[in-house]
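test case, fold it:
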Amino acid sequence: MMKRLAVLFLGLLFAAPSGAAEREVMPGAGSLARAIAGSAPGDVLKLVDGVYQGPVTVDRSLTITGPRGAIVEGNGKGSVMTLAAPDITLSGFTVTGSGHVNADLDAGVKILKGADRTLVENLLVTGNMHGIDVHGGRDSQVLNNEIIGTQHTHMNERGNGIYVWNSPGTLLEGNLIRYGRDGIFSNASSNSIYRNNLMRDLRFAVHFMYTRNTEVSQNISIGNHLGFAIMFSDRSKILHNQSLGDREHGLMLNYANNADVSGNLVRGGTKKCLFIYNAHKNLIWDNRFEGCGIGIHFTAGSERNVLTGNAFMGNREQVKYVGTRHMEWSHEGRGNFWSDHPAYDLNGDGLADSFYRPNDLMDQILWSQPAAALLIGSPAVQLVRWSQQSFPATLPGGVRDSAPLMQPLTIAVDQEVQGFEDKVRGRWTQGNSNDFDPENFLAH
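I've put the predicted structure just below:
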C-alpha cells in the first residue's frame with residue numbers, strides 16, 4: 001500500500017511544476033517586469049487591456065497571455081521582449097515600440113540562444129525594427145502572428161518580419177507579414193520548416209542565406225519585389241508556394257544546390273518567373289510559370305539540374321539561356337509544357353511529336369548586343385533564322401526539350417488570395433521601385 005502511494009505521489013510531483021501559479025497582471029510602468037521577477041518557472045501571467053511599459057526580459061520559463069488590447073510598449077529602446085530561458089510561451093497580446101538600430105537587431109520579440117522550445121503565437125507585432133528575431137534558440141515555434149513592419153522610404157533600412165539566425169528546428173507557420181524589408185530572412189540556420197505564411201508589400205517574401213535542409217512550403221508572396229530567394233543554401237525544399245504579382249523574380253536559385261522545387265506557381269507582372277544562377281543538382285518539377293517577362297533565365301554555368309513536368313505559360317520570352325553547352329530539359333521521357341510550341345500528338349501519348357527549342361543564335365546575339373534589336377526585322381536576320389530552322393546542324397548549343405507535354409498542369413489560387421493579387425495588378429508599371437536594387441541581394 002505504501003509503495004502504491006509513493007508512486008502516486010511521484011506522478012503528481014512530475015505532472016505539474018511545483019508551486020506553479022496563475023495570476024493577473026495589471027497595466028502600468030514596471031508592472032510586467034515586477035511580475036516576471038516575482039514568478040516561479042511554470043507560472044502563467046495573464047495580461048489585461050492596457051499598456052505595459054517595457055522593455056522587459058523574460059528570464060524564466062513562463063507563459064504570458066493576454067488580449068490584443070494588452071500592449072507591451074518598448075518606448076523605442078532595444079528589443080521590447082527578450083526571451084532568455086527555455087520553454088517560454090507568449091500568446092495573444094500586442095508588442096510594439098522597439099528601438100530602430102538595425103546593427104543591434106532591435107526587435108519586438110527576441111529569442112536568445114538557450115531560449116529553446118519557445119512558443120510565440122497569435123501576437124500582433126507592429127511598429128518594430130524587426131518583428132520576431134529567433135536568434136539562437138532551438139526548436140522555436142512562431143505561429144499565427146500578425147507582423148506589420150515599418151514603411152521607411154528606403155526599403156533596405158527597414159527590418160525583417162521574422163529573422164531566423166542559427167536556430168535549428170524552427171517552425172514558422174500561419175503568420176501574416178506585411179511591410180518591412182524581408183518577410184522571412186533565414187541566415188546560417190538549418191533543419192526548419194517555414195509553412196503557410198502570407199507575405200505582402202516587402203522586398204523579399206522569403207530570403208535564404210547559408211540555410212540547410214529547410215522546407216519552405218505553401219507560402220504566398222503577393223506584390224513583393226522578389227518572391228523566394230534561395231541563396232548559398234543546400235538541400236532546400238521549395239514546395240507548393242505561390243508568387244503572385246511580384247516584381248523582379250518569382251523564384252531565384254543563386255548558389256543553391258540539391259533543392260527540390262515542386263508544385264510552385266509564379267504568375268503575373270514578374271520580370272523573371274525563375275532565375276537560376278550558378279545553382280547545381282536541383283530537381284525542378286511540376287511548377288507553373290505564367291505571364292512573366294522571361295519564363296526561366298538560366299546562366300552562370302549551372303549544371304546537373306533536372307527540369308520536367310513544368311508549365312511555361314504565356315511568358316514574353318520562355319527561356320533565356322546564353323551559352324554553348326547543350327541542355328536537355330526532359331527527364332525519363334517526360335518534358336515540360338510550352339504554350340508557344342505548335343505541336344501535334346498523333347499517337348495520343350500526351351507528348352508532342354516534335355522537340356521544342358526556345359532560342360536560336362539571333363536570340364543570343366540580341367541578349368549580348370541589345371543594339372542589334374534594330375535589325376530584328378531585316379531580311380538578313382530572317383534568313384539566319386530560316387536557315388537554323390531548316391538545317392538544325394547550324395544551331396549552337398542551347399536548351400532542347402525532347403519530350404514536350406501536350407497539356408499543362410494547373411495550380412489553384414484561393415479566392416481571398418486572388419483578391420489580394422488583383423489589388424497589386426499593374427503596380428510595377430507605375431514605377432514604384434522604392435529604392436530596391438535587385439542586385440543588392442546580400443543586404444540583411
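
rounded mean pLDDT for stretch 244-263, please.
Regarding stretch 244-263, the rounded mean pLDDT is 97.

now do stretch 190-204
97.

also stretch 137-146?
For stretch 137-146, mean pLDDT is 98.

with just CA atoms, put it into PDB.
What follows is stretch 137-146, C-alpha atoms only, in PDB (Å, rounded to 0.1, in the frame of the first residue of the first chain):
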ATOM      1  CA  GLY A 137      17.000  29.400 -29.700                       C
ATOM      2  CA  ARG A 138      16.400  25.900 -30.800                       C
ATOM      3  CA  ASP A 139      13.000  24.300 -31.700                       C
ATOM      4  CA  SER A 140      11.100  27.600 -31.500                       C
ATOM      5  CA  GLN A 141       7.500  27.800 -32.800                       C
ATOM      6  CA  VAL A 142       6.200  31.100 -34.300                       C
ATOM      7  CA  LEU A 143       2.600  30.500 -35.100                       C
ATOM      8  CA  ASN A 144      -0.300  32.600 -36.400                       C
ATOM      9  CA  ASN A 145       1.100  36.000 -35.600                       C
ATOM     10  CA  GLU A 146       0.300  39.200 -37.500                       C
END
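
can you point out the buried residues in it?
By 16 or more other CB atoms under 10 Å, the buried positions in stretch 137-146 come out as G137, R138, D139, S140, Q141, V142, L143, N145, E146. Every C-beta, even on glycine, is put in place using the N, C-alpha and C of the backbone.

can you give the contact residues for it?
Applying CB atoms under 8 Å, 6 or more residues apart in numbering, the external contacts of stretch 137-146 come out as 83, 111-126, 131-132, 134, 162, 167-176.

among those residues, name the buried ones.
Burial by neighbour count, judged by 16+ other CB under 10 Å, picks out 83, 111-112, 115-116, 118-121, 123-126, 131-132, 134, 162, 167-176 from the contacts of stretch 137-146.

now, these that are in strands?
83, 111-112, 119-121, 124-126, 131-132, 134, 162, 171-173, 176 (DSSP state E).

assign a three-state SS to the nearest residue to V25 once chain neighbours are set aside, would you?
Excluding the flanking residues, the one nearest V25 by CB to CB, 6 or more residues apart in numbering is A35, at 4.5 Å. Under DSSP: H, G, I helix; E, B strand; the rest coil, the three-state class of A35 is helix.

tally of neighbours for N102?
Look at N102: counted by other CB atoms under 10 Å, it has 16 neighbours.

could you list every residue that touches it?
With contact set as CB under 8 Å, 6+ apart, N102 has these partners: M129, E157, G159.

of these, which is the most crowded?
Per-residue neighbour counts (other CB under 10 Å) across the contacts of N102 peak at M129, which has 29 neighbours.

surely it meets Y163?
No. With contacts counted by CB atoms under 8 Å, M129 stays clear of Y163, the gap being 9.9 Å.

which residues do these two both contact?
L105, A107.

residue ranges with poor pLDDT in the stretch 1-150 of the chain?
Scanning the stretch 1-150 of the chain for pLDDT under 70 picks out 1-19.

against L171, how distant is the nearest residue to T118 once chain neighbours are set aside?
Closest residue to T118 apart from its sequence neighbours, by CB to CB, 6+ apart: S140 at 4.5 Å. Look at S140 and L171: by CB to CB, to the nearest Å, they are 7 Å apart.
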